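Enquirer: got a structure for you, letters missing:
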Ligand code: HEM
Ligand SMILES: N[C@@H](CC(=O)c1ccccc1NC=O)C(=O)O
(Lines give C-alpha, C1' and ligand atoms only; values in the text may rest on other atoms or scores of the structure.)
(Ligands and ions follow the chains in the order given, each with its own letter.)
Protein backbone atom coordinates (compact mmCIF):
# COMPACT_ATOMS: atom_id res chain seq x y z
CA UNK A 1 0.00 0.00 0.00
CA UNK A 2 1.28 3.48 -0.83
CA UNK A 3 1.10 6.20 1.85
CA UNK A 4 -1.99 8.40 1.79
CA UNK A 5 -1.49 11.49 -0.33
CA UNK A 6 -0.08 14.36 1.71
CA UNK A 7 -0.85 17.60 -0.12
CA UNK A 8 1.62 19.59 2.02
CA UNK A 9 4.49 17.30 0.98
CA UNK A 10 3.48 17.79 -2.62
CA UNK A 11 3.79 21.55 -2.14
CA UNK A 12 0.09 22.45 -1.82
CA UNK A 13 -0.36 25.71 0.11
CA UNK A 14 -2.04 24.96 3.45
CA UNK A 15 -2.04 28.33 5.16
CA UNK A 16 -4.47 31.01 4.07
CA UNK A 17 -4.40 33.25 7.15
CA UNK A 18 -2.76 36.04 5.18
CA UNK A 19 -3.40 34.91 1.65
CA UNK A 20 -6.35 35.13 -0.68
CA UNK A 21 -8.00 31.71 -0.94
CA UNK A 22 -10.39 30.23 -3.50
CA UNK A 23 -13.44 31.13 -1.43
CA UNK A 24 -12.17 34.67 -0.76
CA UNK A 25 -11.64 35.36 -4.45
CA UNK A 26 -15.02 33.94 -5.50
CA UNK A 27 -16.92 35.51 -2.57
CA UNK A 28 -18.39 32.12 -1.79
CA UNK A 29 -19.58 33.28 1.64
CA UNK A 30 -21.99 35.65 -0.10
CA UNK A 31 -23.04 33.27 -2.87
CA UNK A 32 -23.47 30.13 -0.77
CA UNK A 33 -25.46 31.83 1.96
CA UNK A 34 -28.00 33.33 -0.44
CA UNK A 35 -30.32 30.29 -0.64
CA UNK A 36 -33.25 30.76 1.71
CA UNK A 37 -36.20 28.46 1.02
CA UNK A 38 -39.39 29.85 2.53
CA UNK A 39 -41.27 26.53 2.62
CA UNK A 40 -40.45 23.00 3.73
CA UNK A 41 -40.85 21.67 0.17
CA UNK A 42 -37.88 19.48 -0.76
CA UNK A 43 -37.69 20.95 -4.30
CA UNK A 44 -37.54 24.61 -3.36
CA UNK A 45 -33.74 24.46 -3.10
CA UNK A 46 -33.61 23.18 -6.70
CA UNK A 47 -35.95 25.99 -7.77
CA UNK A 48 -33.84 28.68 -6.08
CA UNK A 49 -30.49 27.41 -7.36
CA UNK A 50 -31.85 26.98 -10.88
CA UNK A 51 -32.88 30.63 -10.92
CA UNK A 52 -29.78 31.96 -9.20
CA UNK A 53 -27.46 30.14 -11.60
CA UNK A 54 -29.56 31.38 -14.54
CA UNK A 55 -29.17 34.94 -13.26
CA UNK A 56 -25.39 34.45 -12.97
CA UNK A 57 -25.17 33.24 -16.57
CA UNK A 58 -27.36 36.17 -17.64
CA UNK A 59 -24.93 38.46 -15.80
CA UNK A 60 -22.15 37.12 -17.99
CA UNK A 61 -24.32 37.34 -21.12
CA UNK A 62 -24.92 41.04 -20.40
CA UNK A 63 -21.22 41.61 -19.80
CA UNK A 64 -20.44 40.07 -23.20
CA UNK A 65 -23.29 41.75 -25.07
CA UNK A 66 -22.51 45.24 -23.75
CA UNK A 67 -18.87 44.75 -24.76
CA UNK A 68 -19.88 43.34 -28.18
CA UNK A 69 -22.07 46.35 -28.86
CA UNK A 70 -19.26 48.76 -27.88
CA UNK A 71 -16.85 46.87 -30.15
CA UNK A 72 -19.27 46.90 -33.08
CA UNK A 73 -19.91 50.60 -32.70
CA UNK A 74 -16.17 51.30 -32.85
CA UNK A 75 -15.82 49.05 -35.91
CA UNK A 76 -13.90 46.43 -33.91
CA UNK A 77 -15.80 43.57 -35.46
CA UNK A 78 -13.55 40.53 -34.76
CA UNK A 79 -13.53 40.69 -30.95
CA UNK A 80 -17.30 41.20 -31.12
CA UNK A 81 -17.64 37.85 -32.96
CA UNK A 82 -16.00 36.10 -30.04
CA UNK A 83 -18.40 37.73 -27.59
CA UNK A 84 -21.44 36.80 -29.67
CA UNK A 85 -20.30 33.20 -29.98
CA UNK A 86 -19.77 33.07 -26.23
CA UNK A 87 -23.24 34.51 -25.58
CA UNK A 88 -24.83 31.87 -27.81
CA UNK A 89 -22.94 29.23 -25.77
CA UNK A 90 -24.27 30.76 -22.55
CA UNK A 91 -27.79 30.25 -23.86
CA UNK A 92 -26.88 26.70 -24.81
CA UNK A 93 -25.77 26.23 -21.20
CA UNK A 94 -29.07 27.69 -19.94
CA UNK A 95 -30.94 25.39 -22.32
CA UNK A 96 -29.19 22.35 -20.85
CA UNK A 97 -30.14 23.47 -17.35
CA UNK A 98 -33.86 22.89 -18.05
CA UNK A 99 -33.14 19.16 -17.87
CA UNK A 100 -32.42 19.53 -14.15
CA UNK A 101 -35.56 21.57 -13.47
CA UNK A 102 -37.70 19.15 -15.48
CA UNK A 103 -37.16 16.57 -12.75
CA UNK A 104 -39.57 18.65 -10.64
CA UNK A 105 -43.12 17.31 -11.10
CA UNK A 106 -46.37 19.31 -10.77
CA UNK A 107 -46.92 17.63 -7.38
CA UNK A 108 -43.46 18.78 -6.21
CA UNK A 109 -43.98 22.36 -7.41
CA UNK A 110 -47.54 22.90 -6.18
CA UNK A 111 -46.41 22.24 -2.61
CA UNK A 112 -44.53 25.57 -2.60
CA UNK A 113 -45.93 27.55 -5.56
CA UNK A 114 -48.30 29.56 -3.35
CA UNK A 115 -45.40 30.74 -1.18
CA UNK A 116 -43.94 32.50 -4.24
CA UNK A 117 -46.74 35.10 -4.06
CA UNK A 118 -46.74 37.40 -7.10
CA UNK A 119 -43.03 36.96 -7.75
CA UNK A 120 -42.15 35.65 -11.20
CA UNK A 121 -39.35 35.48 -13.76
CA UNK A 122 -41.38 38.18 -15.51
CA UNK A 123 -39.66 40.53 -13.06
CA UNK A 124 -36.12 39.41 -14.00
CA UNK A 125 -34.50 42.72 -14.85
CA UNK A 126 -31.42 41.07 -16.32
CA UNK A 127 -33.62 39.10 -18.73
CA UNK A 128 -35.39 42.33 -19.69
CA UNK A 129 -32.09 44.11 -20.20
CA UNK A 130 -30.92 41.30 -22.51
CA UNK A 131 -34.12 41.61 -24.52
CA UNK A 132 -33.82 45.40 -24.72
CA UNK A 133 -30.17 45.21 -25.74
CA UNK A 134 -30.96 42.65 -28.43
CA UNK A 135 -33.81 44.85 -29.65
CA UNK A 136 -37.05 43.36 -28.27
CA UNK A 137 -38.13 46.65 -26.72
CA UNK A 138 -41.32 47.52 -24.88
CA UNK A 139 -41.34 50.37 -22.34
CA UNK A 140 -44.30 48.76 -20.51
CA UNK A 141 -41.93 46.03 -19.31
CA UNK A 142 -40.15 48.57 -17.12
CA UNK A 143 -43.20 49.18 -14.90
CA UNK A 144 -42.76 46.11 -12.66
CA UNK A 145 -39.46 47.74 -11.63
CA UNK A 146 -40.89 51.12 -10.62
CA UNK A 147 -40.36 50.18 -6.96
CA UNK A 148 -36.61 49.96 -7.72
CA UNK A 149 -35.90 53.32 -9.39
CA UNK A 150 -32.23 52.51 -10.14
CA UNK A 151 -33.27 49.37 -12.05
CA UNK A 152 -36.11 51.14 -13.87
CA UNK A 153 -33.65 53.91 -14.84
CA UNK A 154 -31.10 51.40 -16.13
CA UNK A 155 -33.73 49.71 -18.31
CA UNK A 156 -35.05 53.07 -19.55
CA UNK A 157 -31.50 54.13 -20.44
CA UNK A 158 -31.10 50.92 -22.44
CA UNK A 159 -34.13 51.85 -24.56
CA UNK A 160 -32.37 55.06 -25.60
CA UNK A 161 -29.25 53.26 -26.79
CA UNK A 162 -28.87 51.67 -30.21
CA UNK A 163 -29.58 47.93 -30.08
CA UNK A 164 -26.95 45.40 -31.06
CA UNK A 165 -28.70 45.12 -34.44
CA UNK A 166 -28.69 48.92 -34.90
CA UNK A 167 -24.89 48.77 -34.59
CA UNK A 168 -24.73 45.98 -37.17
CA UNK A 169 -26.84 48.12 -39.53
CA UNK A 170 -24.37 51.03 -39.20
CA UNK A 171 -21.62 48.67 -40.41
CA UNK A 172 -23.87 47.45 -43.23
CA UNK A 173 -24.58 51.03 -44.33
CA UNK A 174 -20.83 51.77 -44.45
CA UNK A 175 -20.50 49.11 -47.14
CA UNK A 176 -23.78 49.06 -49.04
CA UNK A 177 -25.66 52.21 -49.97
CA UNK A 178 -29.04 52.38 -48.26
CA UNK A 179 -31.95 54.53 -49.45
CA UNK A 180 -32.73 57.72 -47.52
CA UNK A 181 -34.58 56.95 -44.29
CA UNK A 182 -33.87 53.20 -44.40
CA UNK A 183 -32.33 53.36 -40.96
CA UNK A 184 -35.08 55.41 -39.31
CA UNK A 185 -36.83 53.54 -36.55
CA UNK A 186 -38.44 54.04 -33.15
CA UNK A 187 -35.78 52.86 -30.73
CA UNK A 188 -38.39 52.18 -28.06
CA UNK A 189 -40.15 49.60 -30.25
CA UNK A 190 -39.05 46.12 -31.34
CA UNK A 191 -37.25 45.75 -34.68
CA UNK A 192 -39.77 45.68 -37.53
CA UNK A 193 -38.97 44.00 -40.86
CA UNK A 194 -37.44 46.55 -43.22
CA UNK A 195 -37.36 45.86 -46.97
CA UNK A 196 -34.41 48.14 -47.75
CA UNK A 197 -32.30 46.53 -45.02
CA UNK A 198 -33.30 43.06 -46.19
CA UNK A 199 -32.18 43.89 -49.71
CA UNK A 200 -28.83 45.14 -48.44
CA UNK A 201 -28.33 42.01 -46.30
CA UNK A 202 -29.35 39.86 -49.27
CA UNK A 203 -26.48 41.44 -51.25
CA UNK A 204 -24.14 40.32 -48.47
CA UNK A 205 -25.58 36.81 -48.53
CA UNK A 206 -25.36 36.54 -52.32
CA UNK A 207 -21.67 37.36 -52.26
CA UNK A 208 -20.22 36.28 -48.91
CA UNK A 209 -16.65 36.28 -50.28
CA UNK A 210 -16.80 40.06 -50.88
CA UNK A 211 -18.55 40.89 -47.61
CA UNK A 212 -17.17 38.17 -45.38
CA UNK A 213 -17.14 40.18 -42.15
CA UNK A 214 -20.75 41.35 -42.53
CA UNK A 215 -21.82 37.86 -43.55
CA UNK A 216 -20.17 36.40 -40.47
CA UNK A 217 -21.70 39.10 -38.27
CA UNK A 218 -25.21 38.38 -39.56
CA UNK A 219 -24.73 34.63 -39.03
CA UNK A 220 -23.47 35.22 -35.47
CA UNK A 221 -26.62 37.22 -34.73
CA UNK A 222 -28.85 34.53 -36.25
CA UNK A 223 -27.03 31.91 -34.22
CA UNK A 224 -27.57 33.89 -31.04
CA UNK A 225 -31.27 34.27 -31.79
CA UNK A 226 -31.52 30.57 -32.60
CA UNK A 227 -30.28 29.65 -29.09
CA UNK A 228 -32.41 32.37 -27.51
CA UNK A 229 -35.51 30.95 -29.20
CA UNK A 230 -34.66 27.50 -27.87
CA UNK A 231 -34.52 28.98 -24.37
CA UNK A 232 -38.02 30.43 -24.81
CA UNK A 233 -39.29 27.11 -26.15
CA UNK A 234 -37.75 25.08 -23.30
CA UNK A 235 -39.24 27.53 -20.81
CA UNK A 236 -42.80 27.31 -22.14
CA UNK A 237 -42.56 23.52 -22.44
CA UNK A 238 -41.39 23.23 -18.83
CA UNK A 239 -44.14 25.63 -17.75
CA UNK A 240 -46.84 23.57 -19.49
CA UNK A 241 -45.41 20.43 -17.99
CA UNK A 242 -45.38 21.83 -14.45
CA UNK A 243 -48.39 24.19 -14.23
CA UNK A 244 -50.39 23.40 -17.38
CA UNK A 245 -52.43 26.40 -18.48
CA UNK A 246 -52.68 28.09 -15.06
CA UNK A 247 -52.18 31.85 -14.93
CA UNK A 248 -48.67 32.93 -13.98
CA UNK A 249 -47.79 34.18 -10.51
CA UNK A 250 -46.68 37.37 -12.28
CA UNK A 251 -50.30 37.83 -13.39
CA UNK A 252 -49.98 37.03 -17.10
CA UNK A 253 -51.98 34.31 -18.85
CA UNK A 254 -49.00 31.98 -18.29
CA UNK A 255 -48.25 29.50 -21.11
CA UNK A 256 -50.45 31.53 -23.49
CA UNK A 257 -48.32 34.65 -22.85
CA UNK A 258 -45.10 32.68 -23.25
CA UNK A 259 -46.35 31.13 -26.52
CA UNK A 260 -47.07 34.61 -27.83
CA UNK A 261 -43.45 35.51 -27.03
CA UNK A 262 -42.28 32.53 -29.14
CA UNK A 263 -43.38 34.50 -32.20
CA UNK A 264 -41.02 37.40 -31.40
CA UNK A 265 -38.28 37.87 -33.99
CA UNK A 266 -35.26 39.64 -32.55
CA UNK A 267 -33.61 40.30 -35.92
CA UNK A 268 -36.49 39.96 -38.42
CA UNK A 269 -34.51 41.15 -41.46
CA UNK A 270 -31.89 38.46 -40.99
CA UNK A 271 -34.60 35.77 -41.11
CA UNK A 272 -36.76 37.30 -43.85
CA UNK A 273 -33.92 37.94 -46.30
CA UNK A 274 -33.53 34.18 -46.73
CA UNK A 275 -36.86 33.91 -48.52
CA UNK A 276 -35.55 36.16 -51.27
CA UNK A 277 -32.28 34.27 -51.85
C1 LIG B 1 -41.23 25.42 -12.92
C2 LIG B 1 -40.53 26.38 -13.42
C3 LIG B 1 -41.11 27.61 -14.01
C4 LIG B 1 -42.40 28.00 -14.17
C5 LIG B 1 -43.68 27.24 -13.79
C6 LIG B 1 -42.39 29.28 -14.79
C7 LIG B 1 -43.51 30.00 -15.13
C8 LIG B 1 -43.52 31.22 -15.76
C9 LIG B 1 -44.69 31.92 -16.17
C10 LIG B 1 -46.11 31.41 -16.02
C11 LIG B 1 -44.30 33.08 -16.72
C12 LIG B 1 -45.20 34.19 -17.28
C13 LIG B 1 -45.19 35.36 -16.35
C14 LIG B 1 -46.11 35.19 -15.16
O15 LIG B 1 -45.65 34.68 -14.13
O16 LIG B 1 -47.27 35.59 -15.24
C17 LIG B 1 -42.86 33.12 -16.65
C18 LIG B 1 -42.07 34.15 -17.12
C19 LIG B 1 -40.71 34.15 -17.05
N20 LIG B 1 -39.91 33.21 -16.47
FE21 LIG B 1 -40.48 31.45 -15.76
N22 LIG B 1 -41.09 29.67 -15.00
C23 LIG B 1 -40.28 28.68 -14.54
C24 LIG B 1 -38.90 28.68 -14.55
C25 LIG B 1 -38.12 29.71 -14.94
C26 LIG B 1 -36.68 29.72 -14.90
C27 LIG B 1 -35.77 28.59 -14.43
C28 LIG B 1 -36.27 30.93 -15.35
C29 LIG B 1 -34.85 31.37 -15.44
C30 LIG B 1 -34.44 32.53 -15.04
C31 LIG B 1 -37.46 31.68 -15.68
C32 LIG B 1 -37.49 32.95 -16.16
C33 LIG B 1 -38.60 33.60 -16.62
C34 LIG B 1 -38.56 34.85 -17.34
C35 LIG B 1 -37.31 35.63 -17.72
C36 LIG B 1 -39.88 35.19 -17.64
C37 LIG B 1 -40.34 36.40 -18.45
C38 LIG B 1 -40.46 35.95 -19.91
C39 LIG B 1 -40.96 37.03 -20.85
O40 LIG B 1 -41.45 38.07 -20.40
O41 LIG B 1 -40.88 36.80 -22.07
N42 LIG B 1 -38.56 30.90 -15.43
N43 LIG B 1 -42.42 31.97 -16.08
N1 LIG C 1 -44.32 32.33 -12.76
C2 LIG C 1 -44.21 31.06 -12.06
C3 LIG C 1 -43.44 31.24 -10.79
C4 LIG C 1 -42.05 31.20 -11.14
O5 LIG C 1 -41.68 30.42 -11.98
C6 LIG C 1 -41.09 32.01 -10.44
C7 LIG C 1 -41.39 32.54 -9.20
C8 LIG C 1 -40.43 33.25 -8.50
C9 LIG C 1 -39.18 33.42 -9.04
C10 LIG C 1 -38.90 32.88 -10.29
C11 LIG C 1 -39.86 32.19 -11.01
N12 LIG C 1 -39.54 31.66 -12.22
C13 LIG C 1 -39.98 31.95 -13.44
O14 LIG C 1 -40.95 32.59 -13.77
C15 LIG C 1 -45.60 30.44 -11.82
O16 LIG C 1 -46.57 31.00 -12.28
O17 LIG C 1 -45.64 29.37 -11.22
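Expert: Received, thanks. From a predicted model like this one, the values you see are computed outputs, not experimental measurements. Ligands and ions are numbered 1, 2, ... in the order given.

Enquirer: contacts, neighbours, all on C-alpha from now
Expert: Will do.

Enquirer: tell me, how many residues neighbour residue 39?
Expert: Around residue 39 sit 15 other residues, with neighbours defined as other Cα atoms under 10 Å.

Enquirer: quick one: it and residue 116, what's the gap?
Expert: 9 Å (Cα to Cα, to the nearest Å).

Enquirer: do residue 24 as well
Expert: 32 Å.

Enquirer: what segments of the protein are helices?
Expert: 22-26, 28-31, 44-73, 77-101, 106-113, 125-134, 149-160, 164-175, 195-206, 212-243, 255-262, 268-272 (DSSP state H).

Enquirer: anything in the fourth one near ligand 2?
Expert: No - against ligand 2, helix 77-101 shows no contacts by Cα under 6 Å from any ligand atom, the least distance being 10.9 Å.

Enquirer: that helix packs against which elements?
Expert: Applying 3 or more Cα pairs under 8 Å, 6 or more residues apart in numbering; DSSP states H and E, one finds that helix 77-101 contacts helix 44-73, helix 212-243.

Enquirer: relative to residue 91, which of those helices is closest?
Expert: helix 212-243 (5.8 Å; Cα to Cα).

Enquirer: if you count neighbours, what's buried in that closest one?
Expert: Buried residues in helix 212-243, counting neighbours by 16 or more other Cα atoms under 10 Å, are found at 213-218, 220-225, 227-240, 242-243.

Enquirer: interface residues of the stretch 101-250 of the chain facing ligand 1?
Expert: 120-122, 124, 127, 239, 242-243, 248-250.

Enquirer: quick check: which of those residues are also close to ligand 2?
Expert: 120-122, 248-250.

Enquirer: show me just the buried residues among those.
Expert: Using 16+ other Cα under 10 Å, the buried members of those are 122, 248-250.

Enquirer: export those residues to a markdown table and tack on pLDDT?
Expert: A markdown table is the format used below for those (pLDDT from 0 to 100):
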| residue | pLDDT |
| --- | --- |
| 122 | 98 |
| 248 | 98 |
| 249 | 98 |
| 250 | 98 |
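
Enquirer: closest one of those to residue 182?
Expert: Out of those, the member with the shortest distance to residue 182 (by Cα to Cα) is residue 122, at 33.4 Å.

Enquirer: ok, now which ones touch that closest one?
Expert: residue 250 (Cα atoms under 8 Å, 6 or more residues apart in numbering).

Enquirer: just give the nearest non-adjacent residue to the closest residue to ligand 2 within the stretch 51-200 of the chain, would you?
Expert: In the stretch 51-200 of the chain, the residue that lies nearest ligand 2 is residue 121 (3.3 Å; Cα to the nearest ligand atom). Once flanking residues are discounted, residue 121 sits nearest to residue 250: 7.7 Å by Cα to Cα, 6 or more residues apart in numbering.

Enquirer: my guess is that neighbour contacts residue 114, does it?
Expert: No - taking contacts as Cα atoms under 8 Å, residue 250 lies outside contact range of residue 114: 12.0 Å.

Enquirer: so how far is residue 94 from the closest residue to residue 91 other than its chain neighbours?
Expert: With sequence-adjacent residues excluded and distances taken as Cα to Cα, 6+ apart, residue 91 is closest to residue 227, at 5.8 Å. Applying Cα to Cα, the value for residue 227 to residue 94 is 9 Å.

Enquirer: now residue 34
Expert: Distance from residue 34 to residue 94, by Cα to Cα: 20 Å.

Enquirer: what parts of the stretch 1-150 of the chain come near ligand 2?
Expert: So far as Cα under 6 Å from any ligand atom goes, the stretch 1-150 of the chain lies against ligand 2 at 113, 116, 119-122.

Enquirer: and with 5 Å instead?
Expert: 119-121 (Cα under 5 Å from any ligand atom).

Enquirer: want to throw the residues you listed into TSV with distance to residue 208?
Expert: Formatted as TSV, these follow (distance: Cα to Cα, whole Å):
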residue	distance to residue 208
119	47
120	44
121	40
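
Enquirer: what's the closest of those residues to residue 102?
Expert: residue 121 (16.5 Å).

Enquirer: pretty sure residue 49 contacts residue 36?
Expert: No - Residue 49 is beyond contact range of residue 36, at 10.0 Å (criterion: Cα under 8 Å).
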